[in-house]
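Engineer: any chance you could fold what I've pasted below:
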Amino acid sequence: MNNSIYTLQFGLLCLSTFLFFSSFNMIIPELPAFLENLGGGEYKGFIIGLFTVTAGLSRPFSGKLTDTIGRIPVMVFGAVVCVLCGFLYPLVLTVAGFLALRLLHGFSTGFTPTGSSAYISDVVPLNKRGEAMGFVGLCSSLGMACGPFIGSSLARVAPLEWVFWSSSAAALLSIVILAGMKETLAEKQSFRLSLLKLNRHEILEPRVMPPSVVLLLTTYSLGTVLTLVPDLSDSLGIANRGLYFLCFTLASVSVRFFAGRFSDTIGRAPVLKAGALLYVAAMCLTGFAWRPEVFLFGGIIFGFAAGINSPTAFAWAIDLSQEGQRGRGLATLYISLEVGIGLGALLSGWVYANKVENISTAFATGAILAAAAWVYLHWLQRRHRVQSVQ
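Structural biologist: Okay, here's the model as predicted:
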């Protein structure tokens, strides 16, 4: 294997990842208002919550398919879901129809990121996994930044339908790129319905529980941010609801590459502990912000936290996964991610109850859980269950 991560296949994967994340994040800042116009303002917590339900439920299937039919078919399927949903949103006329579509849209992130993470483990050297995950995370973060910002900017000058159609176009471009990539799974199987049958050993991979627990506790904060930041932006007089997302994602981009490389050197747990503390600070700054400047600074700190934790947790999961079962290991990590985001979205939406005065309580919960992640990592280190470098 080439000792460098900078190959053509890796570059194509990064570009496709950027477009994919741009696609489904492009519509997020506008969805709360879209749902309120349908008469479902009290269901704002379900915008992200339902999306993560199907994403999480589909992970064991995408993990198994990634290890059997190949990495690229799984990535393509998720992107196709994004293309389809972008055209369906403008046709939705009821709250029930909207919520059903959010369930369908969740299959996109249930499949594509699982395949792409396994693809990375195939094409990069063992000692460069943190660096590679950091670089791909940088591309996904750019997509998460550009998507909401472009979507909100477009919504201010054009009908909302154009935002949804632009989302589909970005996903379609990501598929075109995937079609030109080489499959890395050596022994592929043809798809058959029996592959969708799972036994209990194929649902979760116990080996990757440590990073999964950390990710579940910290991504609760992300669910809170995705659900409440658009309304909090409005209450602080910030016209572009995507501005906070731009700040946090640009901050995330600035540290992802270095955080992944750093974790390759000093170990996964110390880096994750630093990220957990930053999550605590970010939730306090964002949820208790009294001025737009403080609010956006909270977004920057949140970006640093996400940029540190995400590539490190995924590199750790790859470290702990057995050869030939990386899809399952990564799917387990993604399940914890989806559960964390989903709980954060649903519970914060419930606590918020469409009342701005309740927002600080919702964000405080995220801070407490991030602190619990730090305690858990510290406990693992004290019990000598975490190696300094995996």
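Engineer: hmm, I301 is touching A289, no?
Structural biologist: No. Counting by CB atoms under 8 Å, I301 stays clear of A289, with 11.5 Å between them. No exception for glycine: its C-beta is placed from N, CA and C like everyone else's.
Engineer: ok, the closest residue to A259 other than its chain neighbours - how many residues close by?
Structural biologist: Nearest residue to A259, sequence neighbours excluded (CB to CB, 6 or more residues apart in numbering): I308, at 4.4 Å. Number of residues near I308 (other CB atoms under 10 Å) recorded here: 30.
Engineer: just checking, next helix/strand downstream of the one helix or strand I308 maps to?
Structural biologist: According to DSSP states H and E, I308 maps onto helix 292-320. Downstream of helix 292-320, the first helix or strand assigned by DSSP H and E is helix 326-352.
Engineer: same question for that following helix, mean pLDDT?
Structural biologist: On average, the pLDDT along helix 326-352 is 82.
Engineer: buried residues in that helix?
Structural biologist: Within helix 326-352, the residues scored as buried using 16 or more other CB atoms under 10 Å are 326-349, 351-352.
Engineer: give the other helices and strands that it contacts.
Structural biologist: When contacts are defined as 3 or more CB pairs under 8 Å, 6 or more residues apart in numbering; DSSP states H and E, helix 326-352 packs onto helix 45-66, helix 95-123, helix 209-235, helix 292-320, helix 359-382.
Engineer: for the ones you listed, give me TSV that also has mean pLDDT and distance to S167.
Structural biologist: Formatted as TSV, those follow (pLDDT from 0 to 100; distance: least, CB to CB, whole Å):
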stretch	mean pLDDT	distance to S167
helix 45-66	82	13
helix 95-123	88	10
helix 209-235	88	16
helix 292-320	88	22
helix 359-382	91	27
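Engineer: and the closest residue to P292 other than its chain neighbours, what is it in contact with?
Structural biologist: Sequence neighbours aside, L236 is the residue nearest to P292 in space, at 4.9 Å (criterion: CB to CB, 6+ apart). Applying CB atoms under 8 Å, 6 or more residues apart in numbering to L236 gives the contacts A289, R291, P292, F295.
Engineer: need the contact list for the residue nearest to A259.
Structural biologist: V255, R256, A259, V271, L272, A274, G275, L278 are the contacts of I308 under CB under 8 Å, 6+ apart.
Engineer: need the residues you listed in CSV with distance to S321, can you?
Structural biologist: Formatted as CSV, those follow (distance: CB to CB, whole Å):
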residue, distance to S321
V255, 25
R256, 21
A259, 20
V271, 19
L272, 17
A274, 24
G275, 21
L278, 27
